[in-house]
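S.K.: Sequence and computational prediction follow.
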Amino acid sequence: MANGSVVTPAAARLWHAPSAVMARHDPGYTALRRAVRVTVAACVGFYVCHLVIDDDTMAIYALFAAVALGALSEVTGAPATRTRGYGIVLVVGAVLVTAGTLVAGSTAAAVAGMLVFGFAISYSSVAGPRVGGVANGLQLFYVLACFPPFAPEQLGERLAGLAIGVVLLAIADRTLLPAPAPPDPARRIGVGLRTAAGLATAVASDLRSTGGT
């Protein structure tokens, strides 16, 4: 576009069309913010472990932890609540990675562990959406670790990679395009009640104006 040229209304609409489409399909750019956080945490964790620490096992687990928790799971709540959630997930994930690593030498043991851990993690969703939101990621931690090869000597590198990925994702969650805190439940209930009261008032007014017919 030449300097001094005038942008026509049609050109302006064309220029802003992608933003309008994104805003309509992704209110508040929630998915975009999340994608940026996951991408940064996964890439930083992987390349630091691969290029700086020179440990490919650690790099894979750092990458996988960020993707499993950031893209395939959802840690919800206020910022401080989400940070505590990442800490709890790190502890549980360490247990699952350890168990998967130790049973990888036996197909029968790995399958039995999948039945036990899979059922326990899936059933834990009854505790609420915060627990259910991370169920997929927790299951994948066990699945990745119990796949061959059987390498218990790599357990330290796996746990270190897991910790790096989760910590980087938690830091990105608080500092990089952070998600806003959810509305206060009492306020949401109040808005719902006011909306219902307004609707009831409008219906009652219509009934009075039509004589109840």
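M.R.: Yep, it's here.
S.K.: Count residues in the vicinity of the nearest residue to residue 170 once chain neighbours are set aside, would you?
M.R.: Ranked by Cβ to Cβ, 6 or more residues apart in numbering and with sequence neighbours excluded, the top spatial neighbour of residue 170 is residue 86, at 4.0 Å. Backbone N, C-alpha and C define where each C-beta goes, glycine included. Neighbourhood size, residue 86 [other Cβ atoms under 10 Å]: 19.
S.K.: repeat for residue 200
M.R.: Residue 200: 10 neighbours (other Cβ under 10 Å).
S.K.: Likewise for residue 108?
M.R.: Neighbours around residue 108, by other Cβ under 10 Å: 8.
S.K.: next one: residue 179
M.R.: 18.
S.K.: So for it, what's the nearest residue that isn't a sequence neighbour?
M.R.: residue 33 (6.5 Å).
S.K.: How far away from the center of its chain is the helix or strand where the one you found lies?
M.R.: According to DSSP states H and E, residue 33 maps onto helix 30-47. Centroid separation between helix 30-47 and its chain, computed with Cα atoms, centre = their mean, to the nearest Å, is 11 Å.
S.K.: Tell me the helices and strands packed up against that helix.
M.R.: Secondary-structure packing of helix 30-47 (3 or more Cβ pairs under 8 Å, 6 or more residues apart in numbering; DSSP states H and E): helix 56-70, helix 155-175.
S.K.: ok, residues contacting the last one?
M.R.: Right, helix 155-175. Under the contact criterion Cβ atoms under 8 Å, 6 or more residues apart in numbering, helix 155-175 has outside partners 37-38, 40-42, 44-45, 48-49, 55, 57-66, 69-70, 75, 79, 82-83, 86-87, 89-90, 93-94, 97-98, 101-102, 141, 145, 179.
S.K.: Mind checking what secondary structure the most centrally placed residue in the chain has?
M.R.: In the chain, the centroid-proximal residue (Cα atoms, centre = their mean) is residue 74; its distance is 3.1 Å. What DSSP: H, G, I helix; E, B strand; the rest coil gives for residue 74 is coil.
S.K.: mind checking how far the nearest residue to it once chain neighbours are set aside is from residue 189?
M.R.: Distance criterion Cβ to Cβ, 6+ apart; nearest residue to residue 74, sequence neighbours excluded, is residue 133 at 4.0 Å. Using Cβ to Cβ, to the nearest Å, one gets 22 Å for the distance from residue 133 to residue 189.
S.K.: With neighbour numbers in mind, choose between these two.
M.R.: Comparing residue 133 with residue 189 by other Cβ under 10 Å, the one with more neighbours is residue 133, at 17 against 10.
S.K.: And that one, how close does it get to residue 142?
M.R.: 17 Å.
S.K.: What about residue 158, how many residues nearby?
M.R.: 26.
S.K.: meant to ask about residue 117
M.R.: There are 20 residues near residue 117, going by other Cβ under 10 Å.
S.K.: Residue 72 is in contact with the residue nearest to residue 74, correct?
M.R.: No. Between residue 133 and residue 72 there is no contact under Cβ atoms under 8 Å: 10.3 Å.
S.K.: Go ahead and measure how far stretch 194-205 is from the middle of the chain.
M.R.: With Cα atoms, centre = their mean, you get 38 Å for stretch 194-205.
S.K.: Quick check: phi and psi on residue 73?
M.R.: phi -130, psi 180 (degrees, to the nearest 10).
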